[in-house]
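**Q** quick one, fold the following:
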Amino acid sequence: MSDSLITIVAIFLAAILMFIFPLMSVAERGDDISQLSVQTATTEFVDNSRTIGKINWTNYNNLVTTISATGNSYDIDLEVKILDENVGKKSAWTSGTVIGENVYYSVYTSQILDEMSKNGDAGTYDMKEGDIISASVKNTNTTLAQNIRSIFYSVSGSGASQIVAQHSGVVTSNAKN
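**A** Residues are numbered from 1 along each chain as shown. Predicted structure coming up:
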């Protein structure tokens, strides 16, 4: 009786070692590839937008198409911090006292997309030099690696995103006058 029990346990362990761990490894590599692809696409989007001084449908659609090709669904958050320069600072800059300071106010994804939609397919959201653009992308679905990990570890929470990318930069070109 004990020999058959040991045999069953050995077969079970062999099955785990031969099938489950390689599957987990392949799923993790798939997530790594998706992570790299999403990070690259996010970086290219932000760098292109800050270099030309505007967000346009072509760049935005390239971002969406590239990250969608990974087979996951994503939440894209855009933020543009608009530099609101205080005029008093410019006139008092040469003296030792500063009358005001530069203040940033933020515009978010829905406002940016609404502004772009006003002009149709050629719509753009214009920025000026000194503004800050940032993009954050995270997956909204559960990947295969997350499912396998939750079976064995029960560590990953339901709200944890596996694939996350962020990038930001200062706009270097004026699109606004």
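**Q** got phi/psi on residue 108?
**A** Backbone torsions for residue 108, taken as degrees, to the nearest 10, come to phi -110, psi 180.
**Q** brain fart, residue 140
**A** According to degrees, to the nearest 10, residue 140 has phi -110, psi -10.
**Q** tell me the spacing between it and residue 127.
**A** Distance of residue 140 to residue 127, computed by Cβ to Cβ, to the nearest Å: 27 Å. The way it works is simple: take the backbone N, C-alpha and C, and place the C-beta from them, glycine included.
**Q** neighbour count: the two, which is higher?
**A** Neighbour totals were compared for residue 140 and residue 127, and residue 127 leads with 27 against 10 (other Cβ atoms under 10 Å).
**Q** and the closest residue to that one other than its chain neighbours, what does it touch?
**A** Excluding the flanking residues, the one nearest residue 127 by Cβ to Cβ, 6 or more residues apart in numbering is residue 171, at 4.7 Å. If you count contacts by Cβ atoms under 8 Å, 6 or more residues apart in numbering, residue 171 has them with 49, 50, 53, 127, 128, 129, 130, 131, 132, 133.
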